[in-house]
Each structure stands twice: as C-alpha cells, then as structure tokens.
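> this one's sequence-less:
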C-alpha cells in the first residue's frame, strides 16, 4: 500500500525593481526558496536568459536534486549490501535542448560519482547498485529523461 507525502516550499519572487514587469528588461529573474525551519536559498534564472550566474537556477536545482537523491539511496543500499562507503562526490552533467521559441527541456543526465569504499568491497555489486536506484528514488522516478551512471570507485 502506498502512502502520500506532502512536501512544501515557499517561492517568493525578489526581482521587482519598483516597476514590476512593466518592461521585459525592467525586472530581475531572482527569487528565494524558503522551507520551514531551513535556510533560505537565493536563486536566479539561467544566465543565458538574464539571470545572475552566481546563484542557482532551476536547472541547477533539478540536476542537484537528482544527484542527491541518487546518492542517498546509494549510501543506503550500499550499507545494506555490506559495502562501506567512506566518501561520495558527484559532478553530474545534465544536457538540455532549447527550441527556437525558447522552450527547453532536459534530454538526458549523467551521474558521475567518485565513491571511496573500504578495501575488500565487492566492486561488481557496488556498481550494480546504481542501476537499482531508479526504482526507488523520488526524483529519478519523477523525471522523464534518461539518466545514466559513470561511477568511479576508489578503494582504500
């Protein structure tokens, strides 16, 4: 039996320069994400669309969420399999496409974690775990583009 879960957030546009959206270039593409009891995340649009390159944009957040969800499930499944992970870092790559009218979408993503495991770890099993995660991760189960994995293991 499945159970529903609610996730809440408050997204507040912060880009009004005093004239609202009167003109296309007259406002900033910035906003804050606030979730109860957690630090506020300041965000902006993709720099190619007039955003602040020093702030995360929606595409950054989606890719990071996909990677983080995958990591958390990986750590859980590795622990259950008796594989001791001592470090996990990912530098995922998301590939998007834009059409002439400005519409865009992700067409694929590659997760590229570097995972340190203790000596004696079953590396075949450690690699296989990546392919099980798409069945259980909220984010992976929610995206409509292919996600592939290029893990690298460091033993020591």
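Cool, the structure landed. Predicted model, so just to flag it, every value in this text is computed and none were measured.
> What are the buried residues along stretch 71-80?
Neighbour counts over stretch 71-80 (16 or more other CB atoms under 10 Å) mark 71, 73-74, 77-78 as buried. Glycine gets a C-beta too; all of them are placed from N, C-alpha and C.
> Just put these in TSV and tack on distance to residue 56.
Formatted as TSV, the buried residues of stretch 71-80 follow (distance: CB to CB, whole Å):
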residue	distance to residue 56
71	17
73	22
74	23
77	28
78	28
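> What is the nearest of these to residue 21?
Nearest to residue 21 out of the buried residues of stretch 71-80 is residue 71 (CB to CB; 37.9 Å).
> and residue 135, how many neighbours?
Using other CB atoms under 10 Å, residue 135 has 9 neighbouring residues.
> So for it, what's the pLDDT?
pLDDT, residue 135: 95.
> and the gap between it and residue 141?
7 Å (CB to CB, to the nearest Å).
> and residue 12, that one's in a strand?
Yes. Counting by DSSP: H, G, I helix; E, B strand; the rest coil, one finds residue 12 located in a strand.
> SS state for the nearest residue to it once chain neighbours are set aside?
Spatial nearest neighbour of residue 12, excluding adjacent residues (CB to CB, 6 or more residues apart in numbering): residue 32 at 5.0 Å. The three-state label given to residue 32 by three-state DSSP is strand.
> Point out the other helices and strands that the helix ranked longest in the chain packs with.
Longest helix of the chain, by residue count under DSSP state H: helix 58-80. Counting contacts by 3 or more CB pairs under 8 Å, 6 or more residues apart in numbering; DSSP states H and E, helix 58-80 packs against strand 85-89, strand 93-98, strand 104-111, helix 138-142.
> mind listing what the nearest residue to residue 63 once chain neighbours are set aside touches?
With sequence-adjacent residues excluded and distances taken as CB to CB, 6+ apart, residue 63 is closest to residue 94, at 4.2 Å. Applying CB atoms under 8 Å, 6 or more residues apart in numbering, one finds that residue 94 lies in contact with 59, 62-63, 66, 106, 108-109.
> Which segments of the protein make up each domain?
Domain assignment of the chain by automatic domain parsing yields the ranges 10-49, 58-155.
> Can you get me a residue count around the residue nearest to residue 147 when sequence neighbours are not counted?
The spatial neighbour of residue 147 that comes closest, neighbours along the chain excluded (CB to CB, 6+ apart), is residue 109 at 4.9 Å. The number of residues packed near residue 109 is 23, by other CB under 10 Å.
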